[in-house]
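Trainee: Here is my input, please return the structure:
(chains A and B)
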Amino acid sequence: MPTLYDKIWADHYAGTRSDGEGLLYIDRHLVHEVTSPQAFEGLRLAGRGLWRTQANLATPDHNVPTQRRADGIDGIADPVAREQVVTLDENCRRHGVTQYDIHDIRQGIVHVIGPEQGATLPGMTIVCGDSHTSTHGALAALAQGIGTSEVEHVMATQCLAQSKARNMAVCVAGTLKEGVFAKDLALALIGRIGTGGATGHTIEFMGPAVEALSMEARMTLCNMAIEAGARAGMVAVDDRTLEYVHGRPLAPTGAGWDAAETYWRTLVSDADANWDNEVSLDAADVAPQVTWGTSPEMVVPVDGSAPDPADAPSELAADGIERALGYMGLAPNQPVREIELDRVFIGSCTNSRLEDLRIAAQVVAGKQVAKSVKQALVVPGSGLVKQAAEREGLDRVFTDAGFEWRDAGCSMCLGMNPDRLLPGEHCASTSNRNFEGRQGYRGRTHLVSPAMAAAAAVAGRFVDVRELL
Amino acid sequence: MKAFRVETGLVAPMDRANVDTDQIIPKQFLKSIRRTGFGDHLFDAWRFQDEGDVGARLEDRRPDPEFVLNLPRYSDAVILLARDNFGCGSSREHAVWALLEYGFRAVLAPGFADIFFNNCFKNGLLPVVIKEHEADRLFDLVEQNEGFELTVDLPRQSIGLPGGETLGFEIDPMRKRKMLDGLDDIGLTLAHAEAIRDFEHAYYQRRSWLGQ
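Mentor: Residues are numbered from 1 along each chain as shown, chains lettered A, B, ... in the order given. Here you go, the predicted model:
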C-alpha cells in the first residue's frame, strides 16, 4: 500500500518519456539569484519561454546584505554579487515572474517565505535550485533540491524527468525533553545514519515525537533531511498542518479550501505501507547536540567529546577524524564544552522562523553576550518574521543582551554576503552545514539548536541549555 | 551536452570520504552568472594557500604543493578516483561545471550524493559507482604506479586496467543512453508537450483550488 510519497508521486505522474524516464509534474518552482541566471540564459539561447509563469516565485536571499536594507541593490558592495541580484530582477521582469525583491517586506530566505505565504501547500510538488528545498516537506509536500540544468528544465517543461526514490520511515517514539528541539533530533539522526544514510530515499518522519512538533519545528527536521543524504523529507498532514496553512495569502479560501481540505486529509501513508528502510529513534534519548567536526554526522551530545582517531574502525575513518580535528583546532577527546566561541549565528533556512527566535530570546532575556564573543548575530528568515518578532519586542531582548538584529537573508549560513567568519574562528551556528570554509574561509562551524546557540552566546562556550532554563 | 563514450587517461586519487560540493567549488565563486570560469577554482581552498575570489588569476595564486591535484604526476588527470558519498551537500551544479572545466570526464567512487549524481548526467561528467574493495585496490594502484591510467568504457560498462583486466559497473540504461548520445534533456521532454498539457488540464480540474 502507498506511502505519502507514493501518493504525491502518482498524483503528479505526467507520463513516461521516450527514454523511459518518468515525468513528474511540478506545482511550484522557487527561484533565487544564485542558481537561476544560467537557467534563464539557457532558455534565452534556446528561444524557450516559461511553461507556466505563475508556478514560479522568486526572491533574492543568498547574496543580500543584512544591514542598511533601505539602500536596496546599491547596498550590495560586491559588484559581482550585485550583478547577480540585478540579473534576477531583470529575468523576473522579462518573464513576468512574481518576485519579492530586496525592498519587499515579504523578501526572505526562499524556504521560509514559501510556507509563510502559502506558496507551499500540502500535496504539492516543489522544486528549487537549492538543496534545502526539503524544508517544505513539513507541509506534506514533495519538495526537492535540484541543479541549474533541472531549474531550466522545470522552467521550460513544468516537469522533472526522474526515477522514483525509495521510501524510508524515520519513526520517533516518546517525547523530546525540555530544552531539546527538532534540530537536536535531526543531528542525532544524522549522527546515527551518516550524511549518506538516506541517499536515494525520501524520508517520512513519523511517530509521536514528530506529531507533537509544531509546523516550524517540522520544517527544521525536514530541512536537515538533505544532510542525511535524502532526496526529500516529509511529514504527513494533520490538524496542525491545516491550521498552519489556513489564512495564508496564497492558500485557497471558501469552497476551494473545503475541496482542498478533503484531499489534504488523505495525505498520510497507509497503515500497511511498504518501506524500503526503517529507522527508529526514541526522543527521550536525545540530548542537546553539538557538532565537533566538518560534516553534520560529526556530532555529539553537549556532554560529549571529540573522538580519538585511535578508536576509529578503519584507517580511512581515522584519517577523516584526524583531518577534521586539525581543521577545527581540536584535540582528540576534547570535551565540546571547552570550545571557546568567537561568534554566534542565529538564522538560516533551518532555524530563523519566529518560534526559533522566541526560544533563543527566552534563553538570553536579561543576560549578556559573553565579552569573549566578538559578534552575535540574529538574522530573521524573512521581512515578515522580522516584523512579527519586533511586534513582540524580541529585537529589544536580543539587542539589550548584545546581539545584532539584522535584515532577512541566508547571511552567515554560507557567507555569500558580507556576514562571514574569519580564519580560525569558532562559531555556534543554527545553520545546517559545518563543512570546511562554509561560513567563511577557514572558519570553524559548530551546529546547534537556537536555544543552544543562545546559551553559548551568554556563556562564551557550549553549555547545556537545560541548565539555564 | 558533451557525449561520453570511452575515455582513457590519467587517474588522480581524492582519498577522502564525504567530499562536499562546498569543497569542490567554494561559495564565493557562485556569485557568477556564467556557466564557465569555475575550473580554475576547483577545490580552491584545498588547492591554494591563499583565499581565492572571482576573477583571481591563477598566476597570482599560491598553490599548496602537497595537495594531490598539484602534484605534477596528476596534472593531466581526466579520471578522479574518490571515496564514498562524493558530492554531498549543496545542489550547486557549479561543482560539476568546475570538474569538467578542469579536465575531468569521469569520477569513480563507491557512492555519490543524489543531486550531484543527477547533475553529472546533465553535463556529460560520468559518475561511475564502484565497489568499496575495488576503490581500495585502485587507490593502491594509483599510488604505487606513476602514470597510472584507466579506460572508462561506457558502451561496455567497464573500467579497463593497464594489464588488460577489466572491472564491470552498473548504470541505469536510460542514463547510459542519454550520456552516449549527449541528448538535450529539455528537447526530449518537450517532445511530450501534448501529453504534459493533457495531464495539466486534468490535474487542475482535479485540484481546482490550485488554479485560484
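Trainee: low pLDDT regions in chain A?
Mentor: Nowhere does chain A drop to pLDDT under 70.
Trainee: hey, which strand is longest across it?
Mentor: Counting residues, the longest strand found in chain A (DSSP state E) is strand A:166-173.
Trainee: Neighbouring strands - and their directions - for that one?
Mentor: strand A:201-206 (parallel), strand A:277-282 (parallel) (DSSP bridges).
Trainee: CA atoms only for that strand, dumped as CSV, please.
Mentor: Extracted C-alpha coordinates of strand A:166-173, given in CSV (Å, rounded to 0.1, in the frame of the first residue of the first chain):
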residue,chain,number,x,y,z
ARG,A,166,12.9,4.6,-2.3
ASN,A,167,10.8,5.1,0.9
MET,A,168,12.4,5.5,4.3
ALA,A,169,10.4,5.8,7.5
VAL,A,170,12.1,7.6,10.4
CYS,A,171,9.9,6.8,13.4
VAL,A,172,10.5,8.8,16.6
ALA,A,173,8.9,7.4,19.7
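Trainee: which one of the strands paired with strand A:166-173 is the most hemmed in?
Mentor: Comparing the strands paired with strand A:166-173 by mean neighbour count (mean count of other CB atoms under 10 Å in any protein chain shown), strand A:201-206 comes out on top with a mean of 27. (Glycine included, C-beta is placed from N, CA and C.)
Trainee: Got the domain ranges for chain B?
Mentor: B:6-181, B:184-212 (automatic domain parsing).
Trainee: who wins for proximity to A:A284 among those?
Mentor: Among those, the nearest to A:A284 by CB to CB is domain B:6-181 (29.6 Å).
Trainee: hang on, the earlier thing: looking at the domains of chain B, which is nearest to A:A14?
Mentor: Between A:A14 and those, the tightest spacing by CB to CB is seen for domain B:184-212, at 3.9 Å.
Trainee: Please tabulate the domains of chain B in CSV, including the columns mean neighbour count and distance to A:A138.
Mentor: Shown next, in CSV, are these (neighbours: other CB atoms under 10 Å in any protein chain shown; distance: least, CB to CB, whole Å):
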stretch, mean neighbour count, distance to A:A138
domain B:6-181, 19, 19
domain B:184-212, 16, 19
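Trainee: Quick one: those domains as a markdown table, columns for mean pLDDT and distance to chain A too.
Mentor: Converted to a markdown table, the domains of chain B look like this (pLDDT from 0 to 100; distance: least, CB to the nearest CB, whole Å):
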| stretch | mean pLDDT | distance to chain A |
| --- | --- | --- |
| domain B:6-181 | 97 | 4 |
| domain B:184-212 | 94 | 4 |
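Trainee: Contact residues of the stretch 301-450 of chain A facing chain B?
Mentor: A:316-317, A:319-320, A:323, A:414-416, A:433, A:435-438, A:441-442 (CB under 8 Å from any CB of the partner chain).
Trainee: Let's see if you can find the most crowded of these.
Mentor: A:R433 (29 neighbours; other CB atoms under 10 Å in any protein chain shown).
Trainee: wait, doesn't that one sit right on B:N18?
Mentor: No. With contact defined as CB atoms under 8 Å, A:R433 does not reach B:N18; the gap is 11.6 Å.
Trainee: Tell me which other helices or strands the longest strand belonging to chain B touches.
Mentor: Longest strand in chain B by number of residues (criterion: DSSP E): strand B:6-14. Helices and strands touching strand B:6-14, by 3 or more CB pairs under 8 Å, 6 or more residues apart in numbering or on different chains; DSSP states H and E, are strand B:79-82, helix B:132-144, strand B:149-153.
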